[in-house]
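Participant: below are the sequence and a predicted model; questions follow.
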Amino acid sequence: MINSISSLTSFPVAPAGSAGQPQVAARPAPAADFADVLAEVSGNAISTLKSGEAAAIGGIEGKASVQQVVEAIMSAEQTLQTALAIRDKVVSAYQEISRMAV
């Protein structure tokens, strides 16, 4: 999930201009709207959490190594923390909007 988010916010830097200053390349037009991006990110988060759960079950059954289980669980934990942080920001933004005078 982190890779998905970081790829959305980064943009390439063009080579240095004639004045020696780096020039920022123009941002490409967004291909999808916010709802599509949010659906994709949440789908990736769900699949990461499911793979962490599957790795834990595989570890209990003796089909996965301890390292594989720990890596999958840590990835799932990071994904869950990111999802909770996004949720908190959305709730905070909603509360701020609801307090605005009309």
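Facilitator: The structure has been received and is ready for your questions.
Participant: what strand or helix carries Lys89?
Facilitator: Here Lys89, judged by DSSP states H and E, is contained in helix 66-99.
Participant: any idea of the mean pLDDT for that helix?
Facilitator: Per-residue pLDDT over helix 66-99 has a mean of 94.
Participant: and for stretch 38-51?
Facilitator: 92.
Participant: Glu71: how many residues sit nearby?
Facilitator: Per other Cβ atoms under 10 Å, the neighbour tally for Glu71 reads 14. Using the backbone N, CA and C atoms, a C-beta is placed for each residue, glycine as well.
Participant: ignore the last one, Gly52
Facilitator: The burial count for Gly52: 21, using other Cβ under 10 Å.
Participant: ok, it to Val70 distance?
Facilitator: Distance, Gly52 to Val70, by Cβ to Cβ, to the nearest Å: 10 Å.
Participant: for Arg27, same thing?
Facilitator: Going from Arg27 to Val70 by Cβ to Cβ gives 38 Å.
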